[in-house]
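S.K.: let me see the structure of the following:
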Amino acid sequence: MTLLSLIVAAAFVSNSHATTSKSNPVVSEVDKPKEFQFLSNVTEKFFVNGTNFPLVPFDIGESYAGLLPNTPHGDSKLFFWFFPSLNPTAKNEITIWLQGGPGCSSLDGLLQENGPFLWQSGTYQPVRIMYSWNNLTNIVYIDQHVGTGLSPGKSMVNNEVDISNQFNDFWRRFIDIFDMQGYKVYITGESYAGMYIPYIAEGFINKNDTEHFNLKGIQINDPTINELNVLANAVATLNHFSSIFSLNETFMKDINARDEKCGLTKFLNEALTYPPPKNFPATPNPWSDPDCLVWYDITAAAQLVNPCFNMYHLTDFCPFLLDPMGFPSLAAGPGIYFNRSDVQKALHVPSTNYSLCDETVIFSNGDRSVPSALGPLPKVIEATNNVIIGHGWFDFLFFLNGTLATIQNMTWNGAQGFQYPPTEPLIVPYTQGQVDPNTWDGGSGVLGTAHTERGLTFSSVYRSGHEIPQYAPGAAYRQLELLLGRIKSLQDTGPFTTQQ
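M.R.: The predicted structure is shown next:
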């Protein structure tokens, strides 16, 4: 008896989450278990047993995982883990999640940000999450490019066009395997995915093939979209959060004097006007003078005050918590979850030495592409009129004001930058928590700002760090609702569309 036959037999015993099945040329509608929407003789080799996944004390639901080739542009395979949604409005759409790095595994987003089961640092075991993105949409987590996470082989890319070509070869196969021709596609991710995603999206657009590459929007959080001298303008953020840093008066006077000498905050004050200045100010080059490399001195000083200073989330403190993803390495604990042999076997991948991030395997000579804001991002906005850039206020790797300055120097849909200040509220409706019905466990109310002009939305989240779904899951969920068209704006006060 095949795996598919066993699952079909079991389905007649338990069918508590029935949904409409997809037609399939091999498995008839009568025989196919209705709760497994994408199971067929073609996909059964990727089927993951959700009722007995290692160390997870509950059923994670229908999912599929494994490797698909990225040829002919590549010479290896990319790993994916696909979670169908039971939400009826997700029937003809698929959302992609990509981590950054470069060289970081998207399984980090699955396990600690927005996946169907959540295992945060310092916790005993995975838990359910009411803000899982597959409550809203079919979602697939992909380790790309080759050499990242569970995707085997040696990277052969020199730039983002290489990445796009290899990814698109993989993606065509994914769509055909799961019979998703014509599905609306949304691409989401964070950090260095601010480079990956606009270039991959441009590749989708250039294909002119809505059967496989029907791009409808992208979202990039705390993204790498410009040069570091724009994104990492640190002293203004230090001053705003001076009570969190608690650095001494001597240091603060010195760092501000250096900032004034180098014109760092002066640049921001001139750039962040609405509409933008006709003669946009030149960006300071901090590498021209050692006194201007203030970010490095600030982080060094912060680590003296707080040895567990986390540039990804300013309010973290000691001790480091045990982390099933193995980050930071000092807190790896008893083992890295996706390095377990039983987990890798369940995901249909050969045994490998998994690590969360490995930048050395990606661009051996550095990424030779121009920053996405200076390249494909405006084109993607114009093609979709549905792009969201999110940013956490507590991120000290890339700064909110640096991202805004980038937007103000970018031209799309016939004008440069935002014409009005991006100050409207990001409103997240109150909803009962899943852990405690009296607890709002995802964050609700006014959680930040949100502003839309000419197809681009910029949304900031007050208490979030670099990873918005991890630190503010309610806000991240709401942003996704906007991307998918479930709500009209981030000022909408209508209820969440959670599927619990």
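
S.K.: residues contacting residue 412?
M.R.: Taking CB atoms under 8 Å, 6 or more residues apart in numbering, we find residue 412 in contact with 377-378, 381-382, 454-456. Glycine gets a C-beta too; all of them are placed from N, C-alpha and C.

S.K.: show me which pair in those is furthest apart.
M.R.: Spatial extent of these (CB to CB) is set by the pair 377 and 454 at 13.0 Å.

S.K.: what about those two, which has more around it?
M.R.: Between residue 377 and residue 454, counting by other CB atoms under 10 Å, residue 377 is the more crowded of the two (30 against 13).

S.K.: what residues does that one make contact with?
M.R.: By CB under 8 Å, 6+ apart, the contact set of residue 377 is 198, 225, 387, 410, 412.

S.K.: which residue sits closest to the third one, ignoring its sequence neighbours?
M.R.: In other words, residue 387. residue 381 (4.7 Å; CB to CB, 6 or more residues apart in numbering).

S.K.: tell me the spacing between that neighbour and residue 218.
M.R.: Using CB to CB, to the nearest Å, we find residue 381 at a distance of 9 Å from residue 218.

S.K.: what sits closest to residue 49 if chain neighbours are left out?
M.R.: residue 346 (6.7 Å).

S.K.: neighbours around residue 416, how many?
M.R.: As a measure of burial, residue 416 has 16 neighbours, counting by other CB under 10 Å.

S.K.: specify the beta-bridge partners of it.
M.R.: Partner residues in beta bridges with residue 416, using DSSP bridges, are residue 411.

S.K.: surely it touches residue 408?
M.R.: Yes: look at residue 416 against residue 408 with CB atoms under 8 Å: they come within range, at 7.4 Å.

S.K.: so what's residue 485 up against?
M.R.: residue 386.

S.K.: let me know the secondary structure of it.
M.R.: What DSSP: H, G, I helix; E, B strand; the rest coil gives for residue 485 is coil.

S.K.: how about the strands in this structure?
M.R.: 64-69, 77-83, 93-98, 117-118, 127-128, 139-143, 184-190, 215-221, 387-392, 411-412, 415-416, 425-428, 445-453, 456-461 (DSSP state E).

S.K.: how far does the longest helix along the chain sit from its chain's centre?
M.R.: For the chain, the longest helix by residue count, based on DSSP state H, is helix 160-177. Offset of helix 160-177 from its chain centre (CA atoms, centre = their mean, to the nearest Å): 18 Å.

S.K.: for stretch 98-109, same thing?
M.R.: 8 Å.

S.K.: start to end distance for it?
M.R.: Chord length of stretch 98-109, first to last residue, is 8 Å (CA to CA, to the nearest Å).

S.K.: and if you look at stretch 146-166?
M.R.: OK, stretch 146-166 end separation, CA to CA: 9 Å.

S.K.: low-scoring stretches of this protein, by residue?
M.R.: Of all residues in the chain, those with pLDDT under 70 make up the ranges 1-34, 231-232, 327-334, 359-361, 432-441, 495-500.

S.K.: all the helices of the stretch 201-350 of the chain, in order from the start?
M.R.: Remark: helices assigned in the stretch 201-350 of the chain by DSSP state H, counting those that start in this stretch are 228-231, 235-240, 242-245, 249-262, 264-271, 294-305, 341-346.

S.K.: of all those helices, which one is nearest residue 136?
M.R.: Residue 136 lies closest, by CB to CB, to one member of the helices of the stretch 201-350 of the chain: helix 341-346, at 25.0 Å.

S.K.: want to throw the strands of the chain into JSON lines with distance to residue 284?
M.R.: Output for the strands of the chain, formatted as JSON lines (distance: least, CB to CB, whole Å):
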{"stretch": "strand 64-69", "distance to residue 284": "45"}
{"stretch": "strand 77-83", "distance to residue 284": "39"}
{"stretch": "strand 93-98", "distance to residue 284": "31"}
{"stretch": "strand 117-118", "distance to residue 284": "41"}
{"stretch": "strand 127-128", "distance to residue 284": "45"}
{"stretch": "strand 139-143", "distance to residue 284": "37"}
{"stretch": "strand 184-190", "distance to residue 284": "26"}
{"stretch": "strand 215-221", "distance to residue 284": "25"}
{"stretch": "strand 387-392", "distance to residue 284": "21"}
{"stretch": "strand 411-412", "distance to residue 284": "22"}
{"stretch": "strand 415-416", "distance to residue 284": "20"}
{"stretch": "strand 425-428", "distance to residue 284": "30"}
{"stretch": "strand 445-453", "distance to residue 284": "26"}
{"stretch": "strand 456-461", "distance to residue 284": "23"}
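
S.K.: which one, of the ones you listed, ends up nearest to residue 292?
M.R.: strand 387-392 (23.5 Å).

S.K.: what does that closest one rub up against?
M.R.: Residues from elsewhere that reach strand 387-392 (CB under 8 Å, 6+ apart): 217-223, 225, 313, 377, 380-381, 398, 400, 403, 407, 455-461, 463-468, 471-472, 476, 479, 482-483.

S.K.: among those residues, the buried ones, what's the PyMOL command?
M.R.: To isolate the buried members of those in PyMOL, using 16 or more other CB atoms under 10 Å:
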select buried, resi 217+218+219+220+221+222+223+225+313+377+380+381+398+400+403+407+455+456+457+458+459+460+461+463+464+465+466+467+468+471+472+476+479+482+483
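
S.K.: quick one: residue 424 from residue 401, how far?
M.R.: To residue 401, residue 424 is 18 Å away according to CB to CB.

S.K.: so for those two, which residue has more residues nearby?
M.R.: Neighbours were tallied for residue 424 and for residue 401 using other CB under 10 Å; the higher tally belongs to residue 401 (21 against 16).

S.K.: wait, that one touches residue 235, no?
M.R.: No: look at residue 401 against residue 235 with CB under 8 Å: they stay out of range, at 10.7 Å.
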